[in-house]
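A.B. asks: no FASTA, just this:
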């Protein structure tokens, strides 16, 4: 099981500025828990996401010598990728794609075709730097904009991503539209069609989280994004935030189903306490 803890997704929608030194302390704590990947920040417009304006300062102050956890940062364009690749300690580039043109315009001021071109440029410049790219496909279970959605459309764009050499894709329920049934349909379809691609699940949901995780797991998903406390959500949809999957809920699911996780309970407890402090103080 690959666990991606996402403090970036938790923090990006908070308008009150969280002090950089507190973010650094929190992410350094998360690095000791045993998560596979920490999605810690994003190299995006400071005007669009002010909370992420200190990403470079954070990476410069992380203690990485005694952790096996890898770092992921989000970029939305070539400039962001150029800033990211200078940092040898960031192993993963996260790229926000979508099959909804409306959402791409709202999120990164792009279109589907422009985003594919941007991604191709990012792939080209990242090759010498040994970076892994995870593409997030937002609105994978529908959208509120009346843009076309169906599984065949999703498969069409995964096919294009595969042709570009992308082999790590997170299917994202940005708005909480998914049901256990639609999750099984989507993941059974994509995993059967593309067995060589590593598919993960980035779930935003306000209800029925257990059955949604279960549907993804029994369909073959072995990578999940989550946030301690379940806070956050995408601030660029034009709609009310839908919470992230709570890491504690995900851990409980794994415990119930005898799925082994190698997490340090002491550091997990410290992370939960610090998370509660941050998100109670800064809302």
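C.D. replies: Done, it's in. As the structure is a computational prediction, the values presented were derived from the model and not from experiment.
A.B. asks: beta partners for residue 134?
C.D. replies: residue 94 (DSSP bridges).
A.B. asks: and it, how far from residue 281?
C.D. replies: Plainly put, residue 134 is 31 Å away from residue 281 if you go by C-beta to C-beta, to the nearest Å. For the C-beta atoms, the positions are set from N, CA and C on the backbone; glycine is no exception.
A.B. asks: among those two, which residue is more densely surrounded?
C.D. replies: Using other C-beta atoms under 10 Å, the more surrounded residue of residue 134 and residue 281 is residue 134, with 23 against 11.
A.B. asks: hang on, that one packs against residue 202?
C.D. replies: No. The criterion here is C-beta atoms under 8 Å, and residue 134 misses it with residue 202 at 9.6 Å.
A.B. asks: quick check: neighbours shared by those two?
C.D. replies: Common neighbours of residue 134 and residue 202 (criterion: C-beta atoms under 8 Å, 6 or more residues apart in numbering): residue 170.
A.B. asks: residue 120 - nearest residue in space that isn't next to it in sequence?
C.D. replies: Spatial nearest neighbour of residue 120, excluding adjacent residues (C-beta to C-beta, 6 or more residues apart in numbering): residue 164 at 6.1 Å.
A.B. asks: what's the neighbour count on that neighbour?
C.D. replies: So residue 164, with other C-beta under 10 Å, has 14 neighbours.
A.B. asks: next one: residue 266
C.D. replies: 10.
A.B. asks: how much space separates it from residue 33?
C.D. replies: For residue 266, the distance to residue 33 (C-beta to C-beta) stands at 9 Å.
A.B. asks: also residue 232?
C.D. replies: Residue 232 is 18 Å from residue 33, by C-beta to C-beta.
A.B. asks: and residue 95, by the same measure?
C.D. replies: Residue 95 is 25 Å from residue 33, by C-beta to C-beta.
A.B. asks: what of residue 74?
C.D. replies: 21 Å.
A.B. asks: next: residue 247.
C.D. replies: Residue 247 is 9 Å from residue 33, by C-beta to C-beta.
A.B. asks: shared neighbours of those two, which are they?
C.D. replies: Common neighbours of residue 247 and residue 33 (criterion: C-beta under 8 Å, 6+ apart): residue 5.
A.B. asks: between residue 232 and residue 33, who's got more neighbours?
C.D. replies: A count of neighbours by other C-beta under 10 Å puts residue 33 above the other of residue 232 and residue 33, at 25 against 22.
A.B. asks: how about the backbone phi and psi for that one?
C.D. replies: Phi and psi for residue 33, reported as degrees, to the nearest 10, are phi -70, psi -40.
A.B. asks: spit out the contact partners of it.
C.D. replies: Counting by C-beta under 8 Å, 6+ apart, residue 33 has contacts 5, 69, 263, 264, 267, 268, 271.
A.B. asks: what's the burial count for residue 179?
C.D. replies: Neighbours around residue 179, by other C-beta under 10 Å: 14.
A.B. asks: so which residues of the stretch 151-283 of the chain form strands?
C.D. replies: Assigned strands in the stretch 151-283 of the chain, in chain order: 168-173, 198-203, 223-226 (criterion: DSSP state E, counting those that start in this stretch).
A.B. asks: switch those over to TSV; also include mean neighbour count, distance to residue 15 and mean pLDDT.
C.D. replies: As requested, those are exported to TSV (neighbours: other C-beta atoms under 10 Å; distance: least, C-beta to C-beta, whole Å; pLDDT from 0 to 100):
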stretch	mean neighbour count	distance to residue 15	mean pLDDT
strand 168-173	24	23	98
strand 198-203	23	22	98
strand 223-226	24	23	98
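A.B. asks: save the ones you listed as CSV, and put in distance to residue 215 too.
C.D. replies: Putting these into CSV (distance: least, C-beta to C-beta, whole Å) gives the following:
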stretch, distance to residue 215
strand 168-173, 11
strand 198-203, 10
strand 223-226, 12
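A.B. asks: residue 45 is nearest to which of the ones you listed?
C.D. replies: For residue 45, the closest of the strands of the stretch 151-283 of the chain is strand 168-173, at 20.5 Å, according to C-beta to C-beta.
A.B. asks: and that closest one, what other elements does it pack with?
C.D. replies: strand 132-138, helix 151-163, helix 180-193, strand 198-203 (3 or more C-beta pairs under 8 Å, 6 or more residues apart in numbering; DSSP states H and E).
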